[in-house]
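A.B. asks: I need the structure of the sequence given here:
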Amino acid sequence: MKKILTRLLFCPEESLNNVLMHIPVGIVIVFLAMLSGWVALVFGIGFFIYELNEQHDLGDKAYQDIKGCLFGIGMTGIPWALVTII
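C.D. replies: The predicted model follows:
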């Protein structure tokens, strides 16, 4: 199962947990966007700044966390946009 997920999410096996752990953050951002675009924007920018700060202070490859968040946004936002358009 890990091999399949690493191929679907384009990440190495050792960073799979970080990517999967941050997918719900992206889902929350999309649900916030359904309520208020500004709240979602502030939350998203706050998360991004937090991850950049963590990268700067700890050097923990924050791009993997951001990648997980973006996957969550894509997995939730694309179907929401399609339903809204149709």
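A.B. asks: What is the burial count for Leu9?
C.D. replies: By the criterion of other C-beta atoms under 10 Å, Leu9 has 17 neighbours. Backbone N, C-alpha and C define where each C-beta goes, glycine included.
A.B. asks: ok, it to Asn53 distance?
C.D. replies: 24 Å (C-beta to C-beta, to the nearest Å).
A.B. asks: Next, name the residue at the spatial heart of the chain.
C.D. replies: What sits nearest the mean C-alpha location of the chain, by C-alpha atoms, centre = their mean, is Cys69, with 0.5 Å.
A.B. asks: Looks like it contacts His22 (just checking).
C.D. replies: Yes. Taking C-beta atoms under 8 Å as the definition, Cys69 is a contact partner of His22 at 4.9 Å.
A.B. asks: Do you know the pLDDT at the residue nearest to His22 when sequence neighbours are not counted?
C.D. replies: Once flanking residues are discounted, His22 sits nearest to Gly68: 3.1 Å by C-beta to C-beta, 6 or more residues apart in numbering. As summarised for this prediction, Gly68 has a pLDDT of 94.
A.B. asks: how near is Gly68 to Gly74?
C.D. replies: Between Gly68 and Gly74 the distance is 11 Å, computed by C-beta to C-beta.
A.B. asks: okay, the two: which has more neighbours?
C.D. replies: In terms of neighbours (other C-beta under 10 Å), Gly68 is the more surrounded of Gly68 and Gly74; the figures are 24 against 13.
A.B. asks: That one: what's it in contact with?
C.D. replies: Contact partners of Gly68, counting by C-beta atoms under 8 Å, 6 or more residues apart in numbering, are 9, 18-23, 25-26.
A.B. asks: and Ser36, backbone torsions?
C.D. replies: Here is the backbone geometry of Ser36 (degrees, to the nearest 10): phi -160, psi 120.
A.B. asks: ok, it - how many residues close by?
C.D. replies: Other residues near Ser36 number 11, with proximity taken as other C-beta under 10 Å.
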